[in-house]
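Engineer: below: sequence and its predicted model.
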Amino acid sequence: MKIVPLELKTKLNIEGIRGFIKRKVTPFGTSAKVDCPKEYLGHDVYLVILENETNKSNRRVSKIKN
C-alpha cells in the first residue's frame with residue numbers, strides 16, 4: 001500500500017457535513033482500517049487523526065506463551 005502524506009493542521013473548517021462518527025483504527029493484515037456504516041459506500045469522507053497522548057502505540061500484544 002502506498003504511503004499517503006498527512007496534512008499537519010490543528011484546525012479543520014468544513015461546511016455542509018452530515019455529521020461525524022468517532023471510531024478506533026484497528027489492524028487489518030499489514031495495514032489498518034476504520035469501520036464505517038455501509039450506507040456511506042461511495043461517499044467522500046475525511047479521516048481526521050486526533051492527538052492521543054495516552055496510547056501512542058496501537059500495536060497488538062502477542063498472546064504467544066513461552
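Structural biologist: Ah, there it is.

Engineer: okay, strands next: where are they in the protein?
Structural biologist: 26-28, 31-33 (DSSP state E).

Engineer: mean pLDDT and mean neighbour count added to these, as TSV?
Structural biologist: From N, CA and C alone the C-beta is placed, and that goes for glycine too. TSV is the format used below for the strands of the chain (pLDDT from 0 to 100; neighbours: other CB atoms under 10 Å):
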stretch	mean pLDDT	mean neighbour count
strand 26-28	92	10
strand 31-33	90	10
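
Engineer: can you redo the ones you listed as JSON lines with distance to L47?
Structural biologist: Listed next are the strands of the chain as JSON lines, based on distance: least, CB to CB, whole Å:
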{"stretch": "strand 26-28", "distance to L47": "13"}
{"stretch": "strand 31-33", "distance to L47": "11"}
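
Engineer: quick one, which of these is nearest to G19?
Structural biologist: strand 31-33 (20.4 Å; CB to CB).

Engineer: direction included, what does the closest one pair up with?
Structural biologist: In the sheet containing strand 31-33, the strands it pairs with under DSSP bridges are strand 26-28 (antiparallel).

Engineer: quick one: V34 and P27 touch, right?
Structural biologist: No: counting by CB atoms under 8 Å, V34 does not reach P27; the two are 11.5 Å apart.

Engineer: hmm, which helix or strand of this protein has the shakiest average pLDDT?
Structural biologist: Among the helices and strands of the chain, strand 31-33 carries the lowest confidence by mean pLDDT, DSSP states H and E, at a mean of 90.

Engineer: ok, now which ones touch L6?
Structural biologist: If a contact means CB atoms under 8 Å, 6 or more residues apart in numbering, then L6 has I49 as its contacts.

Engineer: any idea how far V48 is from it?
Structural biologist: 11 Å (CB to CB, to the nearest Å).

Engineer: what of K24?
Structural biologist: From K24 over to V48 the distance is 13 Å, taken as CB to CB.

Engineer: likewise for T30?
Structural biologist: Relative to V48, T30 is positioned 23 Å away (criterion: CB to CB).

Engineer: the more surrounded of these two?
Structural biologist: Neighbours per residue (other CB atoms under 10 Å) separate T30 from V48, with V48 holding more: 10 against 6.

Engineer: since that was my last question, I'll sign off now.
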